[in-house]
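Peer 1: Could you look at this predicted model? Sequence included:
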Amino acid sequence: MFLAVTMFAQAQVATNIYWVQFADKANSPYSIDNPEAFLSPRALERRANLGIAIDEHDIPVNPHYLQAVADCGAQLLNPSKWLNGVSVYTSNANVIDAINALDFVVNVRNCPNHPEAQQRKERWLAEEMKPAASPRAVNGFYGGAEAQVTQLNVNYLHDMGFDGSGVYVAVLDGGFLGTEEQSCFDNMRQEGRLLGTREFVYGQTSVYTQSTHGTSCLSTMAAYDPNTMVGTAPKASYFLIHTEDGDSENIIEEYNWVSGAEFADSLGVDVCSTSLGYIDFDMTQWNHPFEHFDGKTAPMTIGAEIAASRGMICVIAAGNEGDGTCTLGIPSDAEHVLTIGAVNESGNRASFSSVGPTYDNRIKPDVMAMGEGTYVASGYGSWYPYYNGNGTSFATPVLAGAVACLRQARPYASVQEICDAIRACGNRADNPDKYYGYGIPDFSEVLQMVHVKEQPTASMDLINVYPNPSQGRVKVELKMGAEAAVKVYDYMGRQVFSCDLDGKNHHALENCLDGLESGVYFVNAKSELGNQTVKLVVTK
């Protein structure tokens, strides 16, 4: 009886979530001419490095529209600038009528939960989290992860010095329970490479709840415990983002993901690893029939395409629905992402691994990685620290970590160049199909295929910040013009100092820089002559 009441209560909550679609971004206080107001210096640096212009997708949702919706009585959840709308909560039908009456609202759609869809997800997750019958022996530097690392030849990148250092990776998942205690992440914590977390399901609560799924996925990349477990990007920096509600299967989770990807973009994240996928929902307007798998229809797919156009490499799980006609999950149909299927240690496709092609007849999955018998951290503490699990959820971060190492080696290559090279270096590239895609990529070959490019020349050389890296003392030199407005940001995009520099009053700025703690910062200078951002590394 308690279970029945609980399920009913959850269903009632789910039916009270709505998506509000706005018509435009008219009269916004934000402008593409002032991107520092909504993108971090690191995000702007990534755009500059990849030659990507700021456009209307980058403009935040009009805050006046959000206030008007809130004034109608709705609780605002997550706005999305890429989709130009906001998810809201209300149990009052009159509130929805009032929102629909706003002249800048296109429509309001209910986003309900469906018990059968939830059961399908629970079966999927249970299969992934179930230990394989024969645990892999622990030996060598990579420990139990050796097979999944060497299958992609990521160890070659590591030997070349490319271990993900300096690369930002976002993991978008359903919870990171146990991450705080798992010893394979001690090195990441000690070196300050767990940069932040964000909750998009329950508001301001912790991401370290609900599920260990994200913990296991993270471990395939971030683990660094030599001779026990070392992942594919053991020295990258990570953001943990919770977008998936493990207690329901609700279309709003697609919108949560888009908001999470926008957050990652604003921080300058380089690689997004997503072990999530969606197919069926209750109401007709939210269902994902075959024709939706065209790379441009589902909300999450649209978001993934925009994310790729911003310069982030999105690595997406194909799904665990096995054979058939397009058994993929959204957003793995997106054209400019890497969709990952699962193979075992011998390179044979796992029977559960989803297949393509897409509705518009594109090859999916793109490539394969080890997702059957993958060695992962459990998130359940020292009594059961590791196991061999099954699922494209695990194949995906294994490959995403390899991509992070490649991004370190080739920081100025475009998303398209990197994705094309990974496909071209698959062991089935000459004969791709809907089961294996282009096969298992060899990252030693990918490294050779992606050409080294020079850093683009800055639009204007306004200031010189030195020494850089600094062990404490930092000097600033105004190189051009009579004055410049200078702002200093931390790696999260938070402003820590600002001043007007005229070539004489260096004292205040240098005192600020001398007082910074160890970490990565961005010094932005803006004058009539142009705009320049300098990355500053402080190591005390």
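Peer 2: Received it, and whenever you're ready, just let me know what you need. Numbers count the residues shown, from 1 in each chain.
Peer 1: A402 looks like it's in a helix, true?
Peer 2: Yes: assigned with DSSP: H, G, I helix; E, B strand; the rest coil, A402 falls within a helix.
Peer 1: Could you double-check that it sits in contact with T232?
Peer 2: Yes: shown here, A402 and T232 form a contact pair, counting by Cβ atoms under 8 Å, at 5.0 Å. Every residue, glycine included, has its C-beta placed from N, CA and C.
Peer 1: shared neighbours of these two, anything?
Peer 2: Listed contacts common to A402 and T232 are 152, 154; contacts here mean Cβ atoms under 8 Å, 6 or more residues apart in numbering.
Peer 1: Give me the helix or strand of this protein that scores worst on average pLDDT.
Peer 2: helix 2-15 (a mean of 33; mean pLDDT, DSSP states H and E).
Peer 1: buried stuff in the host helix or strand of V88?
Peer 2: Using DSSP states H and E, V88 sits in strand 85-89. Of all the residues in strand 85-89, those buried under the rule 16 or more other Cβ atoms under 10 Å are 85-88.
Peer 1: Which strands and helices lie in contact with the very next helix or strand once past it?
Peer 2: Beyond strand 85-89 on the C-terminal side, the first helix or strand identified by DSSP H and E is helix 93-100. Packed against helix 93-100 by the contact rule (3 or more Cβ pairs under 8 Å, 6 or more residues apart in numbering; DSSP states H and E) you find strand 17-22, strand 105-110.
Peer 1: Surely S444 is in a helix?
Peer 2: Yes: under three-state DSSP, S444 sits within a helix.
Peer 1: give me the number of residues near it?
Peer 2: By the measure other Cβ atoms under 10 Å, the count of residues near S444 is 17.
Peer 1: now L529
Peer 2: Count around L529 with other Cβ under 10 Å applied: 16.
Peer 1: From G341, how far off is it?
Peer 2: 51 Å (Cβ to Cβ, to the nearest Å).
Peer 1: mind listing what the residue nearest the centre of the chain touches?
Peer 2: Against the mean C-alpha coordinate of the chain, by Cα atoms, centre = their mean, the closest residue is C272 at 2.9 Å. By Cβ under 8 Å, 6+ apart, the contact set of C272 is 169-170, 172, 261, 264, 307, 312-315, 400.
Peer 1: would you list these in CSV and tack on distance to E56?
Peer 2: Shown next, in CSV, are the contacts of C272 (distance: Cβ to Cβ, whole Å):
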residue, distance to E56
V169, 27
A170, 23
L172, 24
A261, 17
A264, 19
A307, 16
M312, 18
I313, 23
C314, 21
V315, 27
A400, 29
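Peer 1: First-to-last residue distance for stretch 195-214?
Peer 2: Terminal residues of stretch 195-214 lie 16 Å apart, using Cα to Cα, to the nearest Å.
Peer 1: which parts of that stretch are buried?
Peer 2: For stretch 195-214, the neighbour count (16+ other Cβ under 10 Å) marks 195, 197-201, 207-208, 210-214 as buried.
Peer 1: List the contacts of that stretch.
Peer 2: 77-78, 125, 128-129, 168, 171, 173-180, 237-247, 253, 256-257, 259-260, 263, 267, 275, 378-380, 393, 491-492.
Peer 1: Identify those among those that sit within strands.
Peer 2: Applying DSSP state E to the contacts of stretch 195-214, the entries found in strands are 77-78, 168, 171, 173, 237-242.
Peer 1: and of the residues you listed, the nearest to G51?
Peer 2: Nearest to G51, judged by Cβ to Cβ, of the ones in strands among the contacts of stretch 195-214 is Y168 at 19.1 Å.
Peer 1: Name all residues that make contact with the closest residue to that closest one other than its chain neighbours.
Peer 2: Distance criterion Cβ to Cβ, 6 or more residues apart in numbering; nearest residue to Y168, sequence neighbours excluded, is V269 at 4.5 Å. Contacts here follow Cβ under 8 Å, 6+ apart; on that basis V269 touches 168-170, 239, 312.
Peer 1: swap in L516?
Peer 2: L516 touches 474, 488, 496, 536, 538, counting by Cβ under 8 Å, 6+ apart.
Peer 1: just Y466 next, same as before
Peer 2: 474-475, 477.
Peer 1: now it, which residues is it bridged with?
Peer 2: K475 (DSSP bridges).
Peer 1: need the strands for the stretch 101-250 of the chain, in chain order.
Peer 2: Using DSSP state E, counting those that start in this stretch, the strands of the stretch 101-250 of the chain run over 105-110, 168-173, 194-199, 224-225, 229-230, 237-242.
Peer 1: So which residues make contact with the fifth one?
Peer 2: This means strand 229-230. Here strand 229-230 makes contact (Cβ under 8 Å, 6+ apart) with 138, 141-145, 149, 184, 219, 223-224, 375, 377, 386.
Peer 1: Lowest pLDDT pick from the residues you listed?
Peer 2: Lowest pLDDT among the contacts of strand 229-230: V138, with 61.
Peer 1: Please indicate which of the contacts of strand 229-230 are buried?
Peer 2: For the contacts of strand 229-230, a burial check counting by 16+ other Cβ under 10 Å picks out 142-145, 149, 184, 219, 223-224, 375, 377, 386.
Peer 1: quick check, nearest of the residues you listed to N361?
Peer 2: Among the buried ones among the contacts of strand 229-230, V149 lies closest to N361 (Cβ to Cβ), at 33.7 Å.
Peer 1: which residues sit in contact with the closest one?
Peer 2: By Cβ under 8 Å, 6+ apart, the contact list for V149 reads 142, 155, 230-232, 398.
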